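Novice: what follows is a predicted protein model with its sequence.
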Amino acid sequence: MTIRLLIEYDGNAYCGWQRQLTGPSIQEVLEETIRKITGIKTTVYGASRTDSGVHAQGQVAMFQTLAPFPAIRWALMLNFYLPSDIRVLESREAEAGFHPQKKAVEKEYEYVVLNRAVHSALCPRVYFMPRKVDWALVRKALPYFVGTHDFKSFQGAKAELKTTVRTISGFDLYDRGDGFFAFRTRGTGFLKQQVRTMVGTLLEVGFGKRPPEDIARVLESRSRRAAGPTAPARGLTLVRVYYEGE
């Protein structure tokens, strides 16, 4: 049976989704938890390889098992053993041929900036920015990212891919009040640290360091040095993974 999971996690204590030698990962914890239940080594595949410190409220994963448990019970069993910062929201049997990464058509991420004088005691999963930001200027820069572009300028170091061309179908900014500003972006896929570097560059627009139209020049340059800094991982959350027909 192929089990499909919908997972939520706080990434602060983990080195990302994928197994690493540098520390515990979400994938590793899930695989070890399944082994605790079944006694069998199992590989868990995720839709997105979120980086170290990045969170998720809609990560999709799958694994195959011969264990005779109903698919719907896996969420309850896994949550019994998992640490409190990883929760399985749903478990169900996947259709034949389902793969969370290969079958995904779009992914949606949110990056939250807290822009006020005092940090929040209740919301640690944000990028605290006490410096003044011109959010009207930031909004003017967002449309430059939408569409199909070569995002090489916004790719993290040591990333080797066949192509750095990606399509962004939407990029919005929401003022949620009390200094909380949320970027929401949706696309066919994202490069390593792409969303965080886009946010870091947009904040430079908001600081007055570059005009909104400079985003077009950065994209055309295909040079990481042309873009702004990479915003911290703690503000980024994988919101949802979209599949055909869903």
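Specialist: Yes, it's here.

Novice: hang on, residue 109 packs against residue 237?
Specialist: Yes. Between residue 109 and residue 237 there is a contact under CB atoms under 8 Å: 6.8 Å. (Each C-beta comes from the backbone N, C-alpha and C, glycine too.)

Novice: pull the longest strand from this structure.
Specialist: When the chain is parsed with DSSP state E, its longest strand is strand 165-177.

Novice: and that one, what does it pack against?
Specialist: Packing partners of strand 165-177 (3 or more CB pairs under 8 Å, 6 or more residues apart in numbering; DSSP states H and E): helix 135-141, strand 147-150, strand 180-187.

Novice: ok, residues contacting the longest one?
Specialist: If I follow you right, that is strand 180-187. 106-115, 123, 126, 133, 135, 145, 166-176, 195, 198-199, 202, 239, 242 (CB atoms under 8 Å, 6 or more residues apart in numbering).

Novice: out of those residues, which end up buried?
Specialist: Buried members of the contacts of strand 180-187, scored by 16 or more other CB atoms under 10 Å, are 106-115, 126, 133, 135, 145, 166, 168, 171, 173, 195, 198-199, 202, 239, 242.

Novice: can you show me the helices along this protein?
Specialist: For the chain, the helices defined by DSSP state H cover 26-38, 74-81, 135-141, 194-206, 214-221.

Novice: which of these sits most buried?
Specialist: Across those, averaging neighbours per residue (mean count of other CB atoms under 10 Å) puts helix 194-206 on top, at a mean of 24.

Novice: show the secondary-structure elements that that helix is packed against.
Specialist: Packing partners of helix 194-206 (3+ CB pairs under 8 Å, 6+ apart): strand 104-114, helix 135-141, strand 180-187, helix 214-221.

Novice: keeping just the C-alphas, turn the third one into CSV.
Specialist: The C-alpha atoms that make up strand 180-187 are tabulated as CSV, following Å, rounded to 0.1, in the frame of the first residue of the first chain:
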residue,chain,number,x,y,z
PHE,A,180,3.0,41.6,10.1
PHE,A,181,3.5,41.5,6.3
ALA,A,182,3.2,38.2,4.4
PHE,A,183,4.6,37.5,0.9
ARG,A,184,2.7,34.7,-0.9
THR,A,185,4.2,33.2,-4.0
ARG,A,186,3.0,30.3,-6.1
GLY,A,187,4.8,28.6,-9.0
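
Novice: that strand pairs with which strands, parallel or anti?
Specialist: Next to strand 180-187 in the sheet, as set by DSSP bridges, lie strand 104-114 (antiparallel), strand 165-177 (antiparallel).

Novice: what sits against the closest residue to residue 157 other than its chain neighbours?
Specialist: Nearest residue to residue 157, sequence neighbours excluded (CB to CB, 6 or more residues apart in numbering): residue 224, at 7.3 Å. By CB under 8 Å, 6+ apart, the residues touching residue 224 are 152, 153, 154, 155, 157, 197.

Novice: residue 84: neighbour count?
Specialist: Using other CB atoms under 10 Å, residue 84 has 7 other residues around it.

Novice: how close does it get to residue 210?
Specialist: Separation of residue 84 from residue 210 (CB to CB, to the nearest Å) stands at 42 Å.

Novice: surely residue 194 and residue 150 touch.
Specialist: No. Taking CB under 8 Å as the definition, residue 194 is not a contact partner of residue 150, at 11.6 Å.

Novice: quick check: residue 204 touching residue 230?
Specialist: No. Counting by CB under 8 Å, residue 204 does not reach residue 230; the two are 11.9 Å apart.

Novice: contacts for the longest strand of the chain next, please.
Specialist: 106, 135, 138-139, 142-143, 145-151, 181-191, 194.
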